[in-house]
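# sequence plus predicted model, see below.
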Amino acid sequence: MKNLKKLTRKDLYKISGAANCTGCPKGGYGPGGASNGYTYSCEDYNVLPSRCKPCVLVSSECFNSTPQ
């Protein structure tokens with residue numbers, strides 16, 4: 001088996017695709033927003049930058065193909 005080079009924390013941070021949640025809003029996303037107990041609505045989730053989407057909690061109902 002080939003020996004692999006160990007990566008430092010600095011190198012790991014530079015890897016493309018690493019989540020960087022600095023500046024992303026905190027809170028949950030779900031249908032109806034605040035009126036249904038969520039901080040933000042599904043529409044708000046859809047306009048988030050792609051780097052922020054892995055950093056937030058989102059209801060599975062936001063991924064349904066039927067409009068809400």
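On my side now, so go ahead.
# point out where this protein drops to low pLDDT.
Applying pLDDT under 70 to the chain picks out residues 1-3, 12-13, 15-19, 65-68.
# mind running it again at 80?
Low-confidence segments of the chain (pLDDT under 80): 1-5, 7, 9-20, 64-68.
# start from the N-terminal end of it and give the helices.
9-14, 42-46 (DSSP state H).
# and of those helices, who's closest to Gly23?
Of all these, helix 42-46 sits nearest to Gly23, with 15.3 Å by CB to CB. Any C-beta I mention is one placed from the backbone N, CA and C, and that applies to glycine too.
# which strands or helices does the closest one pack on?
Here helix 42-46 touches strand 28-30, going by 3 or more CB pairs under 8 Å, 6 or more residues apart in numbering; DSSP states H and E.
# name the residues of the strand it packs on that are buried.
Within strand 28-30, the residues that count as buried by 16 or more other CB atoms under 10 Å are 29-30.
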